[in-house]
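Q: got a sequence here, can you build the structure:
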Amino acid sequence: MRSVLATELGTGWRKVALVSTEGDVIGHEYRTNELILLPDGGVEQDPEDWWSSIADGTRALVARDLVPVDQIVAI
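A: This is a model prediction of the structure:
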C-alpha cells in the first residue's frame, strides 16, 4: 500500500500522519508546543520546538511499522 507522510501545523500542536494514496488515514501522532504569550497580547512559538515535534512524531509514527518505509512515496 503506497502512502504519504503528511504534517499538519496547528496553533499549539503538530500532527504527523500516514495517509494512503487512496485517502485513508493509516495512523497519526500528535505533539503539542508551548505558546509564548507576550505582555502586549502577542503570541510566539519557538521554531526549534516545531521541528522537534515534527521529527519526534515522524520517528514514532514510522516506528509503529504501519506501512513498509519503502511504500512512503511522498512527504
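
Q: identify the residues contacting stretch 30-46?
A: Residues outside stretch 30-46 that contact it (C-beta atoms under 8 Å, 6 or more residues apart in numbering): 11, 12, 13, 14, 15, 16, 49, 50, 53, 54, 56, 57. Every C-beta, even on glycine, is put in place using the N, C-alpha and C of the backbone.

Q: apply 6 Å and report the result again.
A: By C-beta atoms under 6 Å, 6 or more residues apart in numbering, the residues outside stretch 30-46 that reach it are 12, 13, 14, 15, 49, 53, 57.

Q: give me the nearest residue to the spatially most central residue of the chain, chain neighbours excluded.
A: By C-alpha atoms, centre = their mean, the mean C-alpha position of the chain lies nearest to residue 16, the distance being 2.5 Å. Take residue 16 and drop its neighbours on the chain: the residue closest to it by C-beta to C-beta, 6 or more residues apart in numbering is residue 57, 3.8 Å away.

Q: contact partners for the one you found?
A: Here residue 57 is in contact with 16, 29, 31 (criterion: C-beta under 6 Å, 6+ apart).

Q: tell me the helices in this protein, going along the chain?
A: 47-63 (DSSP state H).

Q: how about the strands in it?
A: 3-9, 13-20, 25-32, 36-37, 43-44, 72-74 (DSSP state E).

Q: what packs against the last one?
A: For strand 72-74, the helices and strands in contact under the criterion 3 or more C-beta pairs under 6 Å, 6 or more residues apart in numbering; DSSP states H and E are strand 3-9.

Q: tell me the buried residues in the strand it packs on?
A: Neighbour counts over strand 3-9 (16 or more other C-beta atoms under 10 Å) mark 3, 5 as buried.

Q: let me know the average pLDDT across it.
A: Averaging pLDDT along strand 3-9 gives 95.

Q: how far away from the center of its chain is that strand?
A: 6 Å (C-alpha atoms, centre = their mean, to the nearest Å).

Q: partners of that strand in the sheet?
A: Strand pairing for strand 3-9, determined by DSSP bridges: strand 13-20 (antiparallel), strand 72-74 (parallel).
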